[in-house]
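# Curious how this folds, go ahead:
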Amino acid sequence: MSGADESPIGCTGRITLATRGTDGLGEVEVGIRGGRETFMARSDAPLAAGAVVIVISAVGPRTVEVVPWVDPVETTPFV
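Numbering: from 1, shown residues only. Now for the predicted structure:
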């Protein structure tokens, strides 16, 4: 798969603009393709800016669905 075609699904990131759950989108910065990219973020429940998340689906080319990520070894997966 070429870098431009790499899916964000399974990538971790950090919320940069809080999501409002079903009331509205936020923004997430994701580590992908050897760098960082910003996507519109959708979540079932509101997520505060700074929350670490994992992408569970792509809703469109620049919109993703995210859920909170809790690292099982208590380290931050997104640097």
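
# which residues in this structure form strands?
Residue ranges of the strands in the chain, as given by DSSP state E, are 12-17, 19-20, 26-32, 35-42, 46-47, 52-60, 63-68.

# Of all those, which one is nearest residue 6?
The closest approach between residue 6 and any of the strands of the chain, judged by Cβ to Cβ, belongs to strand 26-32 at 6.1 Å. Every residue, glycine included, has its C-beta placed from N, CA and C.

# Point out the other helices and strands that the closest one packs with.
Contacts defined by 3 or more Cβ pairs under 8 Å, 6 or more residues apart in numbering; DSSP states H and E place strand 26-32 against strand 12-17, strand 35-42, strand 52-60, strand 63-68.

# Those strands: which one's closest to residue 24?
In terms of Cβ to Cβ, the element of those nearest to residue 24 is strand 35-42, at 8.8 Å.

# For the chain, give me the ranges with low pLDDT.
Where the chain drops to pLDDT under 70, the residues are 1-5, 74-79.
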